[in-house]
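Visitor: Here is a sequence together with a model predicted from it:
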Amino acid sequence: MKCIKVAEKFDKNEYAVLYQGSCMNLLRQIPDKSIQLVVTSPPYNIGKEYEKKLKLEDYVKHQSEVIKECVRTLSEKGSICWQVGNYVDNGSIIPLDTVLYPAFKDLGLIMRNRIIWHFEHGLHCSKRYSGRYETIIWFTRKTKNYTFNLDPVRVPQKYPAKKYFKGPKAGQYSCNPLGKNPGDIWNIPNVKNNHVEKTEHPCQYPVELVERLVLSMSDKDDWVLDPFSGTGTSVIAAIRHNRRGAGAEIIKKYVDIARDRIHKAVDGTLRTRPMKKPIYDPNKENNKLTISPWKKGNESSAKQLNLLEEESVYQ
């Protein structure tokens, strides 16, 4: 990969841009219709270190202002992917994609997919089912010519040797040799403590998740923008596949981490989970931890579970 410097301000001739400060300041530097793909995971308004918890209506207003600027920068064939989860207010679940949808619709965009990102690990709940998914809402302008490249993101067929059994194609293979459409439910591990990509950022999303969007919704040399770039995952996914990446982040330590990760991605030393790598199955790997220490109906196991709940192990 070519030597890439990380610029601090947007310039169409650069390959990587990291702006420390408000994303609105970065967006004002970007010309109209110059971004092919906007992909981001904005703050969820849950009071993390990097966000001030707002009233829901104030949060939506702020997000709508950012979305409006992103749409201004979006090319005619471009896409916007907003990756969000749920906001919890006094025990009530509020899906953020549903409250943000009007902000995109009112700007004349069309939703192409509501992608479910499914993962196995997270907080355990005792008063409701544990949350194990988030969503990516994908929008484009009202055009039939938006960019969508399926072949680079195809996944292995379930039955690659399947053939047509009748008709003019009888005996021929019925599957695409490059694989199948991955569908709109994506099983990709989230970045927890034992993940190879883990940094100190509390809400980091995996490079693999963004790579699929970058490959399918942009072409080489296109610009990819992340207005809430965190530790630079979207920029990394962009430059790894010969795109240009720009991101904004308020907190300096995350900008520093992002810059270091980008440099490592350029020189080939950044460790990431490979695309299309099978998800680890502890049962298939004969992991000893899959063997329960408690026998069914054992009174001691019930006592143990009660103890765990009393100690607030389950949230």
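Guide: Here it is on my side, so go on. Residues are numbered from 1 along each chain as shown.

Visitor: which residues of the stretch 151-300 of the chain fall in helices?
Guide: Using DSSP state H, counting those that start in this stretch, the helices of the stretch 151-300 of the chain run over residues 207-217, 233-240, 252-267, 299-310.

Visitor: Any idea which of those helices has the lowest pLDDT on average?
Guide: The stretch with the lowest average pLDDT out of the helices of the stretch 151-300 of the chain is helix 299-310, scoring a mean of 58.

Visitor: hmm, back to that, most tightly surrounded among the helices of the stretch 151-300 of the chain?
Guide: Across these, averaging neighbours per residue (mean count of other Cβ atoms under 10 Å) puts helix 233-240 on top, at a mean of 28. (Glycine included, C-beta is placed from N, CA and C.)

Visitor: most centrally placed residue in the protein?
Guide: What sits nearest the mean C-alpha location of the chain, by Cα atoms, centre = their mean, is Leu209, with 4.8 Å.

Visitor: how about the strands in the protein?
Guide: With DSSP state E as the definition, the chain shows strands at residue ranges 6-7, 16-20, 35-40, 74-84, 86-89, 92-95, 110-118, 133-140, 185-187, 223-226, 244-249.

Visitor: For the closest residue to Glu211 other than its chain neighbours, which residues are in contact?
Guide: In this structure, Glu211 finds its nearest non-sequential neighbour in Ala237, 4.7 Å apart by Cβ to Cβ, 6 or more residues apart in numbering. Counting by Cβ atoms under 8 Å, 6 or more residues apart in numbering, Ala237 makes contact with 207, 210-211, 213-214, 224, 245.

Visitor: what's the answer for Gly171, then?
Guide: Taking Cβ under 8 Å, 6+ apart as the criterion, Gly171 is in contact with 163-164.

Visitor: can you give me phi and psi for it?
Guide: The phi/psi pair for Gly171 (degrees, to the nearest 10) reads phi 90, psi -10.

Visitor: tally of neighbours for Val6?
Guide: Applying other Cβ atoms under 10 Å, we find 21 residues neighbouring Val6.

Visitor: Surely it is in contact with His263?
Guide: Yes: under the criterion of Cβ atoms under 8 Å, Val6 lies in contact with His263, with a separation of 7.3 Å.

Visitor: got JSON lines for the helices of the stretch 151-300 of the chain, with distance to Arg273 too?
Guide: Rendered in JSON lines, the data for these read as follows (distance: least, Cβ to Cβ, whole Å):
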{"stretch": "helix 207-217", "distance to Arg273": "5"}
{"stretch": "helix 233-240", "distance to Arg273": "12"}
{"stretch": "helix 252-267", "distance to Arg273": "13"}
{"stretch": "helix 299-310", "distance to Arg273": "30"}
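
Visitor: To Gly91, which of those lies closest?
Guide: When those are compared by Cβ to Cβ, helix 299-310 sits nearest Gly91, at 17.0 Å.

Visitor: circling back: residue contacts, the residue nearest to the centre of the chain?
Guide: 83, 117, 136, 186, 188.

Visitor: Just the terminal-to-terminal distance for stretch 157-177.
Guide: 8 Å (Cα to Cα, to the nearest Å).

Visitor: quick one: average pLDDT of that stretch?
Guide: Taken as a whole, stretch 157-177 carries a mean pLDDT of 86.

Visitor: Could I get the buried residue list for that stretch?
Guide: Of the residues in stretch 157-177, those buried under the neighbour-count criterion (16 or more other Cβ atoms under 10 Å) are Gln157.

Visitor: Please apply the same query to stretch 55-71.
Guide: For stretch 55-71, the buried set under the neighbour-count rule, 16+ other Cβ under 10 Å, comprises 59-60, 63, 66-67, 69-71.

Visitor: and which of those residues is nearest Ser34?
Guide: Cys70 (11.6 Å).

Visitor: quick one: the closest one from Glu76, how far?
Guide: According to Cβ to Cβ, to the nearest Å, Cys70 stands 15 Å off from Glu76.

Visitor: if we can go back for a sec, would TSV of the strands of the chain with mean pLDDT and distance to Thr272 be doable?
Guide: Rendered in TSV, the data for the strands of the chain read as follows (pLDDT from 0 to 100; distance: least, Cβ to Cβ, whole Å):
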stretch	mean pLDDT	distance to Thr272
strand 6-7	93	18
strand 16-20	97	16
strand 35-40	98	16
strand 74-84	98	17
strand 86-89	86	27
strand 92-95	91	29
strand 110-118	96	17
strand 133-140	96	19
strand 185-187	94	16
strand 223-226	99	16
strand 244-249	98	15
